[in-house]
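Undergrad: Here is a sequence together with a model predicted from it:
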Amino acid sequence: MRSYGEQAAMVGVASPAPRETTMRAVVQDTYGSANVLRLEEIDRPEIADDDVLVRVRAAGVHIGDWHLMMGQPYLMRVMGFGFRAPKARVRGMDVAGTVEAVGKNVTRFQVGDDVFGTGKGSFAEYATGGEDTLAVKPANLSFEQAAAVPTSACTALQALTRGKIASGQQVLIIGASGGVGMFAVQIAKSFGAEVTGVCGPAKVDLVRSLGADVVLDYTKDELTGDGRRYDLILVMGGDRPLSELRRALTPKGTLVLVGGEGGGRLVGGAMGRSVRALALSPFVSHNLRMVVATTKAADLQILTELIEANQVAPIIDRTYPLSEAPDAIRHMHAGQARGKVVITV
């Protein structure tokens, strides 16, 4: 009896590629809503000499995935992500999984290691990552929990470090219930700061459970309603004007702008406000800064120590199978999630 491949060749039908060289992946060939995403069988990625091939067990979803999917703000396209269509077809960056292969220059990992961090195309069965963007998975986290950590937690850590956080400071975190904000609250508390979190009314209890000393509901509470001023303010959400944020600072306080939605499609609201802050900073007593975070192995190691010491813990709202990745992005972008959204593979 002839094999399927032999029969297919006889009738002019292409044989399916062997599974050992292919994988399922969520791809897109044009910018747009989650409707442009589809699950396809494609070739597994090849690794360079400094790369690691990871068998993906789980992939975290964050706002950056939505921006790359949409191609907005348009400044991203000019920056090299693809002008008319995404340069990288496979979506996803945050990853947790097992090392399948390593490049010849890789020394920190070997086949079989469980790792987490960022890579290219994590909404797939296999993804590649640089040795400097991965770390050994925290022993007390599942793959799903570990996948929720990398981009959001590294951003929070770098923002707090950029703000020169210190024990005893009064720290205000705007957007405390978001992906980055949830980690920022916990990390700030681990530094010994007194933390005030700002969020919507539906998530006040969530932010309080993270360890925030004071929680403000942005729909009714003023930042300075009790006369308090802050040594450090981190902004992860909203579109409050610089003047309002500066009024909440101590005379020598520091404002760190991390993100925020809204604004025009060209550069986005967050980038425009950050540029204005940097231009103003030399002329005022406040330190006005912005953070464009990247995932670094050294920061992942710091986070691992905090996680294994039970000072920081990821919170997962919902998990989705790989085939439902579009729904995962829709749910994350709707802003109702009480924790991180994760895709399981």
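TA: Okay, I see it. Here the structure is a predicted model, which is why all the values come from computation and not from measurement. Numbering: from 1, shown residues only.
Undergrad: At which residues are the strands of the stretch 151-300 of the chain located?
TA: Along the stretch 151-300 of the chain, counting by DSSP state E, counting those that start in this stretch, strands occupy 170-174, 194-199, 214-217, 230-235, 249-257, 287-290.
Undergrad: strands paired with the last one, and their directions?
TA: Spelled out, that is strand 287-290. strand 249-257 (parallel) (DSSP bridges).
Undergrad: The partner strand versus strand 230-235: what angle between them?
TA: Going by axes from the mean of the first three to the mean of the last three CA atoms, to 10 degrees, strand 249-257 is angled at 20 degrees with respect to strand 230-235.
Undergrad: If you count neighbours, what's buried in strand 249-257?
TA: By neighbour count on 16 or more other CB atoms under 10 Å, the buried set for strand 249-257 is L249, T250, G253, T254, L255, V256, L257. The C-beta positions use only the backbone N, C-alpha and C, and glycine is treated the same way.
Undergrad: Quick check: the fifth one touching I233?
TA: Yes: when contacts are counted by CB atoms under 8 Å, L255 is listed as touching I233 (4.9 Å).
Undergrad: what is in contact with these two at once?
TA: L245, L249 (CB atoms under 8 Å, 6 or more residues apart in numbering).
Undergrad: and stretch 137-156, how far from the chain's centre?
TA: 10 Å (CA atoms, centre = their mean, to the nearest Å).
Undergrad: what's the straight distance from one end of it to the other?
TA: 19 Å (CA to CA, to the nearest Å).
Undergrad: Could I get the buried residue list for it?
TA: For stretch 137-156, burial by neighbour count (16+ other CB under 10 Å) applies to 137-138, 141-156.
Undergrad: picking that back up, which members of the buried residues of strand 249-257 are the farthest-apart pair?
TA: Using CB to CB, the buried residues of strand 249-257 span at most 17.4 Å, a distance reached by T250 and L257.
Undergrad: Got the phi and psi for D327?
TA: Main-chain torsions, D327, degrees, to the nearest 10: phi -70, psi -30.
Undergrad: Adding distance to I343, write the strands of the stretch 151-300 of the chain out as JSON lines.
TA: Converted to JSON lines, those look like this (distance: least, CB to CB, whole Å):
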{"stretch": "strand 170-174", "distance to I343": "27"}
{"stretch": "strand 194-199", "distance to I343": "25"}
{"stretch": "strand 214-217", "distance to I343": "30"}
{"stretch": "strand 230-235", "distance to I343": "27"}
{"stretch": "strand 249-257", "distance to I343": "29"}
{"stretch": "strand 287-290", "distance to I343": "29"}
